[in-house]
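Asks: Okay, here's the prediction I keep looking at, along with the sequence it came from:
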Amino acid sequence: MVAATIGVLTHLQWSQADDVRRAWGATTPVLVATRDLRAGDPLDTTTVEVRTLPQVAIPGRVVERLAPGQRAVRSVGAGEVLGPDDVTTVPAGPLAARLPAGHTGVGVTLTDDSPSIGPGDVVDVVVVDTSTGPDGSGGRTPPRVAASGALVLDVHDDGVTLAVADDQAAGLAQQALVGPVGLTVRRPGPGP
């Protein structure tokens, strides 16, 4: 009698599981982050795994397979499904892999009163031109924004590496050779 009862309960559980599978519909294998990833982290069997999810639970296009050397382009949370915009196939180091399209990395030294920032912050770079004019006169001009909407890629002892729009990179790099720059932090939004 006990065996018959266990058999009936097992059959009911399998039937309920089948009902749930049918309710969710077709499934698809996807790549999912196994831990929190930072931009530039390598993507391999230690950082992602294949999971089968119901198609209704998959957020848009997904990465179906990884090529050797691929890296995360942005931060990805543990359990998050990888999409095409999350990975790069461009062979690059960890810093270059985090550069958004149309951006160049520029290292700058900061003024002592710059705000405390970290990778992922979006900033404007403020400079003061102290060069001398053609007549030998010099002086400070009002501060100006040398690069707007720059993405902080890395922070080190006396400066930062920023991803700036390609058309702002040369001017900012030139200004960085003259001296320290100041930063203003922006509220995150649609970014570079």
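Replies: Done, it's in. These numbers were taken from a predicted model, which means no experiment stands behind them.

Asks: What strand or helix carries Leu172?
Replies: helix 166-178 (DSSP states H and E).

Asks: Does anything pack onto that helix? Which helices or strands?
Replies: strand 103-109, strand 122-127, strand 144-156 (3 or more C-beta pairs under 8 Å, 6 or more residues apart in numbering; DSSP states H and E). In this view, the C-beta of every residue, glycine as well, is placed from N, C-alpha and C.

Asks: and the gap between Val32 and Asp85?
Replies: According to C-beta to C-beta, to the nearest Å, Val32 and Asp85 sit 16 Å apart.

Asks: can you check Gly149 too?
Replies: 18 Å.

Asks: The two: which has the busier surroundings?
Replies: Gly149 (19 against 11; other C-beta atoms under 10 Å).

Asks: just checking, the more buried one touches Val122?
Replies: Yes - applying C-beta atoms under 8 Å, one finds Gly149 in contact with Val122, separated by 5.9 Å.

Asks: residue contacts, Ala39?
Replies: By C-beta atoms under 8 Å, 6 or more residues apart in numbering, the contact set of Ala39 is Ala72, Val73, Arg74, Ser75, Ala97, Arg98, Pro119, Gly120, Leu153.

Asks: so what's it closest to, chain neighbours aside?
Replies: Spatial nearest neighbour of Ala39, chain neighbours left out: Arg98 (3.8 Å); criterion: C-beta to C-beta, 6 or more residues apart in numbering.

Asks: Same question for Asp36.
Replies: Using C-beta to C-beta, 6+ apart, the closest residue to Asp36 is Ala78 (5.1 Å).

Asks: Enumerate every residue touching that neighbour.
Replies: Counting by C-beta under 8 Å, 6+ apart, Ala78 makes contact with Ala33, Thr34, Arg35, Asp36.

Asks: filter those to the buried ones?
Replies: Among the contacts of Ala78, those scoring as buried are Ala33 (criterion: 16 or more other C-beta atoms under 10 Å).

Asks: Tell me which two in the contacts of Ala78 are the farthest apart.
Replies: Thr34 and Asp36 (9.5 Å; C-beta to C-beta).

Asks: any idea which of the contacts of Ala39 has the most stuff around it?
Replies: When neighbours are counted by other C-beta under 10 Å, Arg98 leads these with 27 neighbours.

Asks: That one and Val73, how far apart?
Replies: Arg98 sits 7 Å away from Val73, going by C-beta to C-beta.

Asks: returning to what we had before: shouldn't the residue nearest to Ala39 be in contact with Asp41?
Replies: No - the criterion here is C-beta under 8 Å, and Arg98 misses it with Asp41 at 9.6 Å.

Asks: beta partners for Ala163?
Replies: For Ala163, the beta-bridge partners under DSSP bridges are Gly105, Leu151.
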